[in-house]
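Peer 1: No letters, just coordinates:
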């Protein structure tokens, strides 16, 4: 969506790639389904998954041969597993990895963790 690409007057201000389409001014779930039906994407990315409709759209897309990338605010993978909204995605195995971003002394650190074997 617009904030990920820093859209200004409809143009991305960040390097999101030449073959990337960015939607703005539409609900996430409807945008994901529109892209899936009309654009034949290889990957769908969604920022800040926050509603059951977003979860439903990602679940539907996961059965259509498209890769998924999504962000959610949480204290870590375990915190996601405790939240009912995200638990369904985790239990369904829709996502295989999580990237945890932490900040210490003003420095961001990223850690990629496999989700297989997690106790959800």
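Peer 2: Sure thing, it's come through. Keep in mind it's a predicted model, so treat the numbers as computed, not measured.

Peer 1: show me the contacts for the nearest residue to residue 46 once chain neighbours are set aside.
Peer 2: Nearest non-adjacent residue to residue 46, counting by CB to CB, 6 or more residues apart in numbering: residue 70, 4.7 Å away. Using the backbone N, CA and C atoms, a C-beta is placed for each residue, glycine as well. Neighbour list for residue 70: 45, 46, 47, 49, 58, 95 [criterion: CB atoms under 8 Å, 6 or more residues apart in numbering].

Peer 1: Roughly how far does the second one sit from residue 78?
Peer 2: If I follow you right, that is residue 46. Residue 46 sits 22 Å away from residue 78, taking CB to CB, to the nearest Å as the criterion.

Peer 1: Repeat that for the fourth one.
Peer 2: Relative to residue 78, residue 49 is positioned 17 Å away (CB to CB).

Peer 1: of these two, who's got more company?
Peer 2: Higher neighbour count among residue 49 and residue 78: residue 49, with 19 against 12, using other CB atoms under 10 Å.

Peer 1: and that one, how far is that from residue 65?
Peer 2: Where residue 65 is concerned, residue 49 sits at a distance of 20 Å (CB to CB).

Peer 1: For the one helix or strand in the chain whose mean pLDDT sits lowest, give me every contacting residue.
Peer 2: Averaged element by element with mean pLDDT, DSSP states H and E, the chain has its least confident helix or strand at helix 2-5 (a mean of 78). The contact list for helix 2-5 (CB under 8 Å, 6+ apart) reads 12, 13, 14, 16, 20, 22, 23, 24, 25, 45, 47.

Peer 1: 6 Å instead?
Peer 2: Contacts to helix 2-5, defined as CB atoms under 6 Å, 6 or more residues apart in numbering, come from residues 12, 14, 16, 22, 24, 47.

Peer 1: Would you confirm that the second one contacts residue 7?
Peer 2: No - using CB atoms under 6 Å, residue 14 makes no contact with residue 7, being 9.1 Å away.

Peer 1: residue contacts, the residue located most distally from the centre of the chain?
Peer 2: Distance from the C-alpha centroid of the chain, by CA atoms, centre = their mean, peaks at residue 105 (27.1 Å). Residues counted as contacts of residue 105 (CB under 6 Å, 6+ apart): none.
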